[in-house]
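A.B. asks: output the structure for:
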Amino acid sequence: MEKRTYVPFLLFGGVLILLVGIYSLGTLKPRITSIEPKIGQSGQTLTIEGWGFGKERVRITIGSITPTSSAYEEWTPKRIRVKIPEEVSSGLVYVYNKNGRSNPVLFTNRQHIPVLAQEEKVLGFPEITSIDPEQGRVGDLITIIGRNFGANRGNGIVYFPWAGSSSTTGSSDTRGLYLPASEVDMDYEGWSDTEIRVRVPTGAGTGNLFVLCEKGKSNAVYFEVDGSGGSYLFKEKRTYTVRSSMNIHSVAGGENGGLYLWIPRVQEGPTQRDVQLIEQEPKAEIENYNGLLLVFLRNLVPNRTYTVSQTFLLDRYEIETKLNPQKIKLEYDKGRDLYKVYTAENSVTPVTHPEITKAVSGIVGKEKNPYLKALKIYSFLVEKLKYDSTRTHRSVVEGLSERVANAYTFALLFVALARNTGVPARTIAGYLITDTKAAIPHFWCEIYFEGVGWIEVDPALGTAPLLDGFRLAPDPKSYYFGNMDNRRVAFSRGLVQAKRISPHGRTMEQPEIHSLQTIYAEAVGDIRSFSGTWNTLEVIGVY
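C.D. replies: Got it, this is the predicted structure:
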């Protein structure tokens, strides 16, 4: 009798231990035991051995770069094989599963192993010999003298030290310490093989700058940023994975034609950094033109729905701005392209409308200081207009007269009023991210001060509206003039200029979506008509 009761108990205990073991395996983080090669280069296949990777692919990072879905060759619980992306430098390899991140293992990019300086000169690497001046404010024009920069810019970039690098946690990828001069702000004013003329971008700090071009990376040269007009504090980084998508349907016409789609990208800037396009379907013809992707759909069939999607990984920082209004320059460089573009009227910004001019006269009066002009406009909108997310207008001027506005009207009114006074301003289109990972379409603004750069402003949130699941900053009216939270994603800055592909193409415009741009879609060939629907941003992960 004792044996009959003991054996079932022993079997039960064994099954219990087995179940506990299986449960434990399902709750463990992945573990890397080896990578091969340890020293390699872009295009090679990296093999990662270990355990706990899971049957379903999540993601890996190599030096903080996430490979696209097409780069993966194999994913099993114990082995991963993936093509090393072009942009990967040396850094740590991590594997992610639903339970978290693995231990790190170092990968070294053979192409980034330092070589002797005299060898670099023989190979024609870019070299900076001097910069003039060696100190300046944001927006100042500097000249970089040297050799081997290339006859024209092409894909060349001047990297400045990022002002947030000293106030945020370190990164295994040194690119996180730098900030590129901005194409959106027209920072590049001249480029030759021996000389580069470039403006100091918003968000630049004191430290080493360098040039990256087709011939390689230059030596670094020290540059000091004069921050007497104001300073930035970048903090509380949040990492997002988001998917943007649209549907094309109701296509009419023959199959001998197609659709060009200008798709907004997640924008990169001082507060929104390390933006990576990690998945796209279908693959874009052009991955970045003025902040847009160009996708072409061929052989379209009537009565079928086509989905175009992109998945992005990005870091978003909260920013606090401390300005000294008395140190801000009263006069702008009116010959600069940035000033001309961001004080001009366009199809969505009625800068010279009589009602805008009349309102500016009453709001600003004889004030000369750009900062105080902008503050008076912001205070007027926040205090005099009521926020209503459901209210739309044929023209934003209607919102001014009716004293009610949604975020779109709030933002465009602020920009129109600021530009009318001679203060450069632009509208930002994107989304607010709630605590439940829902995305709310939203619009806010940036204003530009000489010597300081762009600062963000959110007149709609300054009215302290109640938004389901979104936590406003304390004292919203004060906070949202010059400071900005990290619970948002920007898709466009200003009205993005997209080009018509075909002189006979038929274009579609669609205002009040998550990007302000001149063209959204263009039908060519036999396509007579179509419909397009933008889907709300999908927030896949917040880290």
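
A.B. asks: start and end of stretch 446-456, how far apart?
C.D. replies: 4 Å (C-alpha to C-alpha, to the nearest Å).

A.B. asks: list the contacts of it.
C.D. replies: Contacts to stretch 446-456, defined as C-beta atoms under 8 Å, 6 or more residues apart in numbering, come from residues 137-140, 185, 201-203, 226, 228-230, 271, 319, 321, 323, 327-329, 331-333, 338, 342, 370-371, 374, 418, 423-426, 428, 444-445, 457, 482-484, 493. For glycine as for every other residue, the C-beta is placed from the backbone atoms N, C-alpha and C.

A.B. asks: what subset of the residues you listed is buried?
C.D. replies: For the contacts of stretch 446-456, a neighbour count by 16 or more other C-beta atoms under 10 Å gives the buried set as 137-140, 185, 201-203, 229-230, 271, 319, 321, 323, 327-328, 332, 338, 342, 370-371, 374, 418, 423-426, 428, 444-445, 457, 482-484, 493.

A.B. asks: what about the contacts of stretch 446-456, which are in strands?
C.D. replies: 230, 319, 321, 323, 425-426, 428, 444-445, 457, 493 (DSSP state E).

A.B. asks: considering those, which is situated nearest to residue 514?
C.D. replies: Closest approach to residue 514 among the ones in strands among the contacts of stretch 446-456 (C-beta to C-beta): residue 428, at 10.2 Å.

A.B. asks: you'd agree the closest one is up against residue 460?
C.D. replies: No. Residue 428 is beyond contact range of residue 460, at 11.6 Å (criterion: C-beta atoms under 8 Å).

A.B. asks: overlap in contacts of those two?
C.D. replies: Both residue 428 and residue 460 are contacted by 411, 443-444, under the criterion C-beta under 8 Å, 6+ apart.

A.B. asks: including pLDDT and distance to residue 508, could the residues you listed go into JSON lines?
C.D. replies: Converted to JSON lines, the shared contacts of residue 428 and residue 460 look like this (pLDDT from 0 to 100; distance: C-beta to C-beta, whole Å):
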{"residue": "411", "pLDDT": "97", "distance to residue 508": "23"}
{"residue": "443", "pLDDT": "97", "distance to residue 508": "20"}
{"residue": "444", "pLDDT": "98", "distance to residue 508": "25"}
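
A.B. asks: now the strands: where do they sit in the stretch 101-250 of the chain?
C.D. replies: For the stretch 101-250 of the chain, applying DSSP state E, counting those that start in this stretch gives strands covering 105-109, 127-132, 135-136, 141-147, 157-161, 178-180, 188-191, 195-199, 207-213, 216-217, 221-225, 230-264.

A.B. asks: let's have those strands in a markdown table, adding mean pLDDT.
C.D. replies: What follows is the strands of the stretch 101-250 of the chain, written out as a markdown table (pLDDT from 0 to 100):
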| stretch | mean pLDDT |
| --- | --- |
| strand 105-109 | 81 |
| strand 127-132 | 96 |
| strand 135-136 | 95 |
| strand 141-147 | 97 |
| strand 157-161 | 96 |
| strand 178-180 | 95 |
| strand 188-191 | 97 |
| strand 195-199 | 98 |
| strand 207-213 | 95 |
| strand 216-217 | 94 |
| strand 221-225 | 94 |
| strand 230-264 | 91 |
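
A.B. asks: figure out which of those is closest to residue 79.
C.D. replies: The nearest among the strands of the stretch 101-250 of the chain, by C-beta to C-beta, is strand 105-109 at 14.0 Å.

A.B. asks: tell me the bridge partners for the nearest residue to residue 87 once chain neighbours are set aside.
C.D. replies: Leaving aside its sequence neighbours, residue 87 sits nearest to residue 65 (C-beta to C-beta, 6 or more residues apart in numbering; 5.8 Å). Counting by DSSP bridges, residue 65 is bridged to residue 62.

A.B. asks: how about residue 316?
C.D. replies: Beta bridges link residue 316 to residue 238, residue 272, judged by DSSP bridges.

A.B. asks: out of the ones in strands among the contacts of stretch 446-456, the closest to residue 358 would be?
C.D. replies: Distance to residue 358, by C-beta to C-beta, is smallest for residue 425 among those, at 18.6 Å.

A.B. asks: who touches the closest one in this structure?
C.D. replies: By C-beta under 8 Å, 6+ apart, the contact list for residue 425 reads 342-343, 374, 414-415, 418-419, 445-448.

A.B. asks: could you dump those residues to TSV with distance to residue 144 and pLDDT?
C.D. replies: Output for the contacts of residue 425, formatted as TSV (distance: C-beta to C-beta, whole Å; pLDDT from 0 to 100):
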residue	distance to residue 144	pLDDT
342	25	98
343	28	98
374	32	98
414	36	98
415	33	98
418	32	98
419	32	98
445	32	98
446	27	98
447	29	98
448	23	98
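
A.B. asks: so which of those are in helices?
C.D. replies: Taking DSSP state H, the ones among the contacts of residue 425 that sit in helices are 342, 374, 414-415, 418-419.

A.B. asks: show me where the chain has its helices.
C.D. replies: Under DSSP H, the chain gives helices at 2-26, 117-123, 337-342, 354-364, 370-384, 396-402, 407-420, 459-462, 476-479.

A.B. asks: now do the buried residues in stretch 404-420.
C.D. replies: Those would be 405-420, for stretch 404-420 by 16+ other C-beta under 10 Å.

A.B. asks: closest to residue 282 among these?
C.D. replies: residue 408 (30.1 Å).

A.B. asks: the closest one against residue 445, yeah?
C.D. replies: No. Using C-beta under 8 Å, residue 408 is not in contact with residue 445, being 11.3 Å away.

A.B. asks: and of the buried residues of stretch 404-420, the nearest to residue 163?
C.D. replies: Residue 163 has its nearest neighbour among these in residue 418, at 23.8 Å by C-beta to C-beta.

A.B. asks: got the contact list for that closest one?
C.D. replies: Neighbouring residues of residue 418 by C-beta under 8 Å, 6+ apart: 373-374, 377, 424-425, 445, 447.

A.B. asks: what do you get if the cut-off is 7 Å, keeping everything else the same?
C.D. replies: 374, 377, 425, 447 (C-beta atoms under 7 Å, 6 or more residues apart in numbering).

A.B. asks: any idea how far the closest residue in space to the second one that isn't next to it in sequence is from residue 67?
C.D. replies: In this structure, residue 377 finds its nearest non-sequential neighbour in residue 417, 4.7 Å apart by C-beta to C-beta, 6+ apart. Residue 417 sits at a distance of 46 Å from residue 67 (criterion: C-beta to C-beta, to the nearest Å).

A.B. asks: show me the protein divided up by domain.
C.D. replies: Domains of the chain are assigned by automatic domain parsing as 31-112, 117-226, 233-315+525-542, 318-492.

A.B. asks: where does the stretch 401-543 of the chain have low pLDDT?
C.D. replies: 509-513 (pLDDT under 70).

A.B. asks: of the domains of the chain, which stretch is the most buried?
C.D. replies: domain 318-492 (a mean of 19; mean count of other C-beta atoms under 10 Å).

A.B. asks: how about residue 245, nearest residue that isn't a chain neighbour?
C.D. replies: Here the nearest residue to residue 245 in space, its sequence neighbours aside, is residue 309; by C-beta to C-beta, 6+ apart that works out to 3.8 Å.

A.B. asks: which residues does the closest residue to residue 311 other than its chain neighbours contact?
C.D. replies: Excluding its sequence neighbours, the residue lying closest to residue 311 (C-beta to C-beta, 6+ apart) is residue 279, at 3.9 Å. Contacts for residue 279 (C-beta under 7 Å, 6+ apart) come out as 68-69, 310-311.

A.B. asks: among these, which are located in strands?
C.D. replies: Residues of these located in strands (DSSP E): 310-311.

A.B. asks: which members of the contacts of residue 279 are the farthest-apart pair?
C.D. replies: Longest span within the contacts of residue 279, C-beta to C-beta: 69 and 310, 11.6 Å.
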